[in-house]
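1. Next comes the sequence, and after it the predicted model I'd like to discuss.
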Amino acid sequence: MRGAAAYGRVSVESNVLSASPHQLISMLFDGAQAAIKAAKLHMSNENVVEKGKAISKAIDIVNSGLLAALDKEKGGELAERLEGLYNYVSNLLVKANLHNDTAKLDEAAELLQNIGSAWKEIGQQAASAKQGA
């Protein structure tokens, strides 16, 4: 089992090292979604410790990844709005943890899904434009 875990870490590290900045942000969205999904599963199984770990991971991804990556100088109003949204999502996750509230997990996941899918669409358009140039 350790070999599989080590292989998984190497695979993830390889993907991170070869990813563009745009792809890295997409990976953060995917990671946050996976953590929220895990938290929901642990919540339904009443596994408090693992639920807390999964929610902490999701909060860390939102705060230390997505929020920290915002460029407020270049991003202007859009970056400010995203900052507010990420803070709201982080707050939802804290409340979900405190109250075992799956509805708050669902809301956080939906918001991140909407932003993440828009981000991925922009990446695909940029990649297509680059290939056409």
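-> It's in. Numbering: from 1, shown residues only.

2. Mind listing what's buried along the helix or strand encompassing R81?
-> Taking DSSP states H and E as the definition, R81 sits inside helix 72-99. Buried residues in helix 72-99, counted by 16 or more other CB atoms under 10 Å: 82, 85-86, 89-90, 92-93, 96-97. Every C-beta, even on glycine, is put in place using the N, C-alpha and C of the backbone.

3. That helix packs against which elements?
-> For helix 72-99, the packing partners by 3 or more CB pairs under 8 Å, 6 or more residues apart in numbering; DSSP states H and E come out as helix 21-44, helix 48-60, helix 102-132.

4. for the record, mean pLDDT for that helix?
-> On average, the pLDDT along helix 72-99 is 96.

5. contacting residues for Q33?
-> 109, 112-113, 116 (CB atoms under 8 Å, 6 or more residues apart in numbering).

6. Show me which of the residues you listed are buried.
-> Burial of the contacts of Q33 was assessed by neighbour count (16+ other CB under 10 Å); the buried members are 109, 112, 116.

7. from those residues, which single one is nearest E50?
-> Nearest to E50, judged by CB to CB, of the buried ones among the contacts of Q33 is A109 at 17.4 Å.

8. My guess is that closest one contacts A39. True?
-> No: in this structure, A109 is not within contact of A39 by CB atoms under 8 Å, at 9.5 Å.
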